[in-house]
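Undergrad: pasting the structure only:
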C-alpha cells in the first residue's frame, strides 16, 4: 500500500500569515502577524478599521478586540462622548461609597470628605440602540453602556467569537473547527476521539489474508505477504484495457477482443488470414473490411460479377469519398458502396455532423452554467464562485466594498457590512445626519460630522467650555461670564489642570528605591533585596530553604550564606576498607564481607554459625569465607548432599531387584536364586529336563559340579541349560539320551 500526500502549503491557505508544514503528519499551521487571528489568519487587527473617533488613538488587543485612548475632552469606548458636565459640589462629610449621586450621576471624592456629582446635561439610555451582538446583554452606564457577553463571545459589542481552537485542542492529528463556546475536531485518517487523541489500529480487523503479517502505519497498514500471495496485478501490467488475473505467485492477462500477447500489447491483425481473396483487406479492432477488386462483390469479395457464359464484365467501383461527405474536417475512408468518416476531436456522427456536447456530464459545480465548445466547455459561474468548474468561492470582501471603515463579512454570493457609528447603508455609504432634528438650542446653526455634530452659537450663547474643553486631564470645565474655571481630578493642578502633582517629591521610597510618579499617587521600584509599598521590607532569602544537606541559612541584604555541618568522614573512621557515609553530626560504615562493628573493626568468625552439616569440619581460609570438609558419604558447599552410591549401578543387573542407597554405602536386593553383596552368586539347583522324559534321560552333571538353575531349552532333540552365573564355562552332556554339544554351561 502506498500513500501519496501533497504539500498542503502549496495552496497558500494562510490568508495573512506564514504556512508551516508538519513534515511527519503532512498537516499545516498558520503563524499570524501581530494581532491577526483565526485558523488561517483571515481576521485583520481591529484597529485597521479606525474605530476610534475624535482623534482617539487605537490600541490592538488580543482576540480581535481593541482599546481607544481618547483626548482630554473626549471619553467613551470609541471616544464618542464630549466631556461636557454640569457639576454640583457638596461640602458634606460623607463618602462616595454611599452612592449619594442620583439619576445616573458619577461621584468623585474631594478633599475633607467632600464629593462632587457629575452628570450629562441630558440623560440618555444608550441601550436603546442595543448594539450588543450574539445574545449579549446591554448594561446602561453614565455616558455610555457596556455589553455583558454570553460564554464563548467577547469584544466591546460581543462581536468576536472566542476561538476555542487557539489552544490547539485537536493536537497534531486533527483540524479544529471553532463554534460558539465549543469546537469540533475533524480527525486525520487513522485517528479518532473527541480530540483525535486515539490512533486507529488498522490491523485489529486482521485485514491481511493467507497468512500475511499486518504492519500498522500512520493512516494505514501494510500487509507483508507470504511468498506467492503478493498482488502481482498492483502494477497494472496488462495493456489495452486487458484485465489482470492475480494468481498464486504469478499473474495473467485476459485481453479484450482484438489484442493478444502476455500483456495484451499486440494488436491482432485480422487480415493475416487473407480473408479477402479477391480484394484488399482493411484491418480494424477485432474486425476487418474487404475492399473488393473490380468484378467481385460480397462481404469477403467471394462473389464474381457477370461470369456466366464466360463473358467478362468489368465493374468500376465509384469513389464514395468524392462527394466529401465528412463534415467538420473529418477524414473520409472509401470502401465498396460505403465510406467511413474519421472525426476530429469534438465531433461525432456518421458524417461528423454533430458537435460533441461536453456539457452532458454536468461538469460545472455550484449551479454554474455550462457552455459547450469545440472539444471543450466553459463554465459561467454564479455570483460568489469562480474557477474552471466554479469550484472556488469568491471573497467579495477582497475589493473592500464597505465604506467609511465598515467591517466586511464575506458570504456565499454576497457580503455584509457592519458600519461604524454615524454611518448606514448596505455599504456604509450613508453618513447619518446628526443634525436631524436640530439638536442645537437658541437658534444655533448645526453642522453634521461623522458620528456627531457641532453647534455654531449666536452671540451671547457661546459656552467657553465648548466645543473643546480648555481643561486638561479630565478636569471639569465650568462656563462663567467671559471665562471659565477648571475643577481638577485628584493628582492634577493648575489653571487648566495641566500640571501633574509630583507625589515623589517627598521621597517616599526607602532603601535606594526608584520612585515613579503616577496620577494621584506613586509606585516604588525596589532595589534588589527589598519589597513592600515603600521598599521598607527586607526580603528573607532564607525562606525558600536554599541550603542543602542540613546547612544553616543566614539571611543578608539581597542574598544569603550557608553554614554547613562538618564532614565526620574526613578522619577515615572506617577500618578494614569499610565505606564511610557522612550523616548529620555523625557517620555510618558499610563493612566488607567478614567484618562488622561500628568501625568495621571486628572480624566475623564464619564457622561460629555451624554452617557445615552432617558432621562436616569447618575451616576459615580467609576473612569472610569458610570451607567445609565433608564426612564420607556427603558432598556440597555445606555437606548438605548425601552421595548416591547406587548411581554407578553396582548391583548385578541380572540377579538384583533394586539398589538401596545408604550413608557411604549401599545394599542390593537379590532375585530368588541369587545371593552375594552384589547379587552375583546364583544357587545350584540343576538343569531339569522336560517332564515327559524318563529318569534315564535326566540330566546329570559330572561329579562335584553344580548346574545353574534355568529352564531347559529343547533344540533339535537336545537340551540346553541357560546359565546366568559368572562361571558358566564348560560343556556337559545328557546321560541316557541325546547329547547336548557345546550348548550348556557348567557352574564352578
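TA: Alright, I've got the coordinates. Predicted, not measured: the structure shown is a model, and the values here were computed from it.
Undergrad: tell me the domain ranges of this structure?
TA: The chain breaks down into these domains under automatic domain parsing: 363-393, 463-501, 505-561, 568-603, 606-643, 646-675.
Undergrad: so which of those is the most packed in?
TA: Ranked by mean neighbour count, these are led by domain 463-501 with a mean of 17 (mean count of other Cβ atoms under 10 Å). To be clear about C-beta, it is placed using only N, CA and C from the backbone, and glycine gets the same treatment.
Undergrad: Now the terminal residues of that domain, how far apart.
TA: End-to-end distance of domain 463-501 (Cα to Cα, to the nearest Å): 29 Å.
Undergrad: per-residue confidence averaged over that domain?
TA: Averaged over domain 463-501, pLDDT sits at 84.
Undergrad: From here on, call the first residue 93.
TA: Sure, I'll start numbering at 93, so the last one becomes domain 555-593.
Undergrad: do you know which of the domains of the chain lies nearest residue 145?
TA: Ranking these by proximity to residue 145 (Cβ to Cβ) places domain 555-593 first, at 14.2 Å.
Undergrad: related to what we said a few turns ago, I'd like the domains of the chain laid out as CSV, including distance to residue 275.
TA: Listed next are the domains of the chain as CSV, based on distance: least, Cβ to Cβ, whole Å:
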stretch, distance to residue 275
domain 455-485, 23
domain 555-593, 43
domain 597-653, 41
domain 660-695, 56
domain 698-735, 70
domain 738-767, 80
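Undergrad: how about those domains, which one is nearest residue 167?
TA: domain 555-593 (7.7 Å).
Undergrad: Counting neighbours, what do you get for residue 770?
TA: 16 (other Cβ atoms under 10 Å).
Undergrad: In this structure it contacts residue 751, no?
TA: No - Residue 770 is beyond contact range of residue 751, at 9.6 Å (criterion: Cβ atoms under 8 Å).
Undergrad: Overlap in contacts, the two.
TA: 742, 743, 760 (Cβ atoms under 8 Å, 6 or more residues apart in numbering).
Undergrad: wait, the second one sits on residue 766?
TA: So the one you mean is residue 743. No - applying Cβ under 8 Å, one finds residue 743 not in contact with residue 766, separated by 9.9 Å.
Undergrad: what about stretch 521-537, average pLDDT?
TA: Here the average pLDDT along stretch 521-537 is 80.
Undergrad: start to end distance for that stretch?
TA: End to end - Cα to Cα - stretch 521-537 spans 25 Å.
Undergrad: Quick check: buried residues in that stretch?
TA: 523, 524, 526, 527, 532, 536 (16 or more other Cβ atoms under 10 Å).
Undergrad: What residues are bridge-paired with the first one?
TA: Each beta-bridge partner of residue 523 is listed here, defined by DSSP bridges: residue 515.
Undergrad: who touches it in this structure?
TA: Residue 523 touches 496, 514, 515, 540, 542, counting by Cβ under 8 Å, 6+ apart.
Undergrad: Need the worst-confidence member of those.
TA: Looking across the contacts of residue 523, the weakest pLDDT belongs to residue 542, with 71.
Undergrad: Near the residue nearest to it when sequence neighbours are not counted, how many other residues are there?
TA: Leaving aside its sequence neighbours, residue 542 sits nearest to residue 514 (Cβ to Cβ, 6 or more residues apart in numbering; 5.0 Å). Applying other Cβ under 10 Å, we find 20 residues neighbouring residue 514.
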